[in-house]
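S.K.: this one's sequence-less:
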């Protein structure tokens, strides 16, 4: 079953070329935003990156799956190991995600 409609994806890994872009954007939004739920942030990142590569049915299933995401507090514990995190923690996360975005861009040019 092909879930990607962009035509540029390699068979067998339909979302692999686009996944790092989504992950990077989602995590940046999660680190930089205090008020929105991870579900809302994931939906926004998905709409900006992966949704255009998926069929209508896959887009609806993904959005439904996002409703099952944990709360902000639970996500911060998973990322930082504690509910409390410093500005330095956030900066380190942003720098790491910037590297992920750069690696993604470079991989597209290969």
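M.R.: Alright, I've got the coordinates. What you see is a predicted model, and the numbers here were worked out from it, not measured in a lab.

S.K.: Residue ranges in this protein under the pLDDT threshold?
M.R.: Across the chain, residues meeting the criterion (pLDDT under 70) sit at 1-17, 79-80, 82-110.

S.K.: give me that answer again for 50
M.R.: 1-2, 10-12, 14-15 (pLDDT under 50).

S.K.: Now do the helices in it.
M.R.: For the chain, applying DSSP state H gives helices covering 19-32, 38-49, 56-66, 72-80, 87-109.

S.K.: and the shortest one, what does it pack onto?
M.R.: Taking 3 or more C-beta pairs under 8 Å, 6 or more residues apart in numbering; DSSP states H and E as contact, the helices and strands that helix 72-80 lies on are helix 19-32. Where C-beta positions appear, they are placed from N, C-alpha and C, glycine not excepted.

S.K.: Please spell out which residues along the helix it packs on are buried.
M.R.: 20-31 (16 or more other C-beta atoms under 10 Å).

S.K.: ditto for stretch 63-79
M.R.: Quick answer for stretch 63-79 (16+ other C-beta under 10 Å): 66, 69, 72, 75-76.

S.K.: Can you lay out these as TSV showing distance to residue 47?
M.R.: Shown next, in TSV, are these (distance: C-beta to C-beta, whole Å):
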residue	distance to residue 47
66	11
69	15
72	20
75	19
76	23
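
S.K.: Need the max-distance pair from these.
M.R.: Within the buried residues of stretch 63-79, 66 and 76 form the most distant pair, 17.6 Å apart (C-beta to C-beta).

S.K.: Make JSON lines out of the buried residues of helix 19-32 and add distance to residue 54.
M.R.: Formatted as JSON lines, the buried residues of helix 19-32 follow (distance: C-beta to C-beta, whole Å):
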{"residue": "20", "distance to residue 54": "16"}
{"residue": "21", "distance to residue 54": "14"}
{"residue": "22", "distance to residue 54": "11"}
{"residue": "23", "distance to residue 54": "16"}
{"residue": "24", "distance to residue 54": "18"}
{"residue": "25", "distance to residue 54": "16"}
{"residue": "26", "distance to residue 54": "16"}
{"residue": "27", "distance to residue 54": "20"}
{"residue": "28", "distance to residue 54": "21"}
{"residue": "29", "distance to residue 54": "20"}
{"residue": "30", "distance to residue 54": "22"}
{"residue": "31", "distance to residue 54": "25"}
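
S.K.: Understood, closing this out.
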